[in-house]
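Colleague: Fold the following and give me the result.
(chains A and B)
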Amino acid sequence: NAGVTQTPKFQVLKTGQSMTLQCAQDMNHNSMYWYRQDPGMGLRLIYYSASEGTTDKGEVPNGYNVSRLNKREFSLRLESAAPSQTSVYFCASSEAGAGGETQYFGPGTRLLVL
Amino acid sequence: GENVEQHPSTLSVQEGDSAVIKCTYSDSASNYFPWYKQELGKGPQLIIDIRSNVGEKKDQRIAVTLNKTAKHFSLHITETQPEDSAVYFCAAVPGSFNKFYFGSGTKLNVKP
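Modeller: Down below sits the predicted model:
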């Protein structure tokens, strides 16, 4: 049982390049989330998926797109990377998406945009 | 949306001392308040949580208190150990869906 896995662990991009961050969970959870973590700002929700087939914007969705590929996988895409998107990205999942559930986090992807 | 403020941003204590981290929230609809611990290079992990119908919860050396009237909640760690050194985040969850609003984090350093 690996929990939540993320690939890649680290990536360097040039401004304007695109990339997709991958996330998968093996806990049969319905809900999945993408956060970014910046120094002094905690974790901020980018997008979330309450259940397979649905996605919604979080606090900071601009510049990102997501795909809930199936129940296990939730990907985050940067179409045209900007230096302001340099951050650590975390994927998380929870059982049903109801208020008050534990979110389980992956190990993160460190992204540097030059 | 919800706004969560967390203090202090850094906290240094001697091994064996207690540590207290405080958070305030703005949305009176928030009803779930988890605390996460993040070790270097890893993702956050839940250490304790409290719901709005409870004033205090304890799990061994850690405890959380909630004051709904004042809209603040606190994490208390007693008998700190070097392995408690990490970044701690509080969060508030308003409404019926599981959207977390995190504080900015507290870096705790426990000196041996």
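Colleague: So out of everything in chain B, what residue is nearest chain A?
Modeller: As assessed by C-beta to the nearest C-beta, chain A sits closest to residue B:43 within chain B, at 3.4 Å. Any C-beta I mention is one placed from the backbone N, CA and C, and that applies to glycine too.
Colleague: these two touch, right, that residue and residue A:103?
Modeller: No: using C-beta atoms under 8 Å, residue B:43 is not in contact with residue A:103, being 9.9 Å away.
Colleague: Need the residues touching each of these two.
Modeller: Counting by C-beta atoms under 8 Å, 6 or more residues apart in numbering or on different chains, the contacts common to residue B:43 and residue A:103 are residue A:92.
Colleague: How about the contacts made by the residue of chain B closest to chain A?
Modeller: By C-beta under 8 Å, 6+ apart, the residues touching residue B:43 are A:4, A:90, A:92, A:105, A:106, A:107, A:108.
Colleague: from these, which is closest to chain B?
Modeller: Nearest member of those to chain B, counting by C-beta to the nearest C-beta, is residue A:105, at 3.4 Å.
Colleague: so that closest one touches residue A:90, yeah?
Modeller: Yes: assessed by C-beta under 8 Å, residue A:105 is found in contact with residue A:90 at 5.3 Å.
Colleague: Give me the most central residue, chain A.
Modeller: Residue closest to the average C-alpha location in chain A (C-alpha atoms, centre = their mean): residue A:34, at 2.7 Å.
Colleague: Considering only the contacts of residue B:43, which also neighbour chain B?
Modeller: Filtering these for proximity to chain B (criterion: C-beta under 8 Å from any C-beta of the partner chain) leaves A:4, A:90, A:92, A:105, A:106, A:107, A:108.
Colleague: residues contacting the fourth one?
Modeller: Going by C-beta under 8 Å, 6+ apart, residue A:105 touches A:4, A:90, A:91, A:92, B:36, B:43, B:44, B:45.
Colleague: From chain B, how far off is the residue nearest to the centre of chain A?
Modeller: When C-beta to the nearest C-beta, to the nearest Å is applied, the distance between residue A:34 and chain B equals 12 Å.
Colleague: Show the subsequent helix or strand relative to the host helix or strand of that residue.
Modeller: Take DSSP states H and E as the rule and residue A:34 turns out to sit in strand A:31-37. From strand A:31-37 onward toward the C-terminus, using DSSP H and E, the following helix or strand is strand A:43-49.
Colleague: Thought residue B:26 was touching residue B:71, still the case?
Modeller: Yes: contact status for residue B:71 versus residue B:26: in contact at 6.9 Å, counting by C-beta under 8 Å.
Colleague: Disregarding flanking residues, what is the spatial nearest neighbour of residue B:111?
Modeller: Take residue B:111 and drop its neighbours on the chain: the residue closest to it by C-beta to C-beta, 6 or more residues apart in numbering or on different chains is residue B:14, 5.4 Å away.
Colleague: Quick one, grab the pLDDT at the one you found.
Modeller: The per-residue pLDDT reported for residue B:14 equals 98.
Colleague: can you count the residues close to it?
Modeller: Residue B:14: 9 surrounding residues under other C-beta atoms under 10 Å in any protein chain shown.
Colleague: That concludes my questions; thank you for your assistance.
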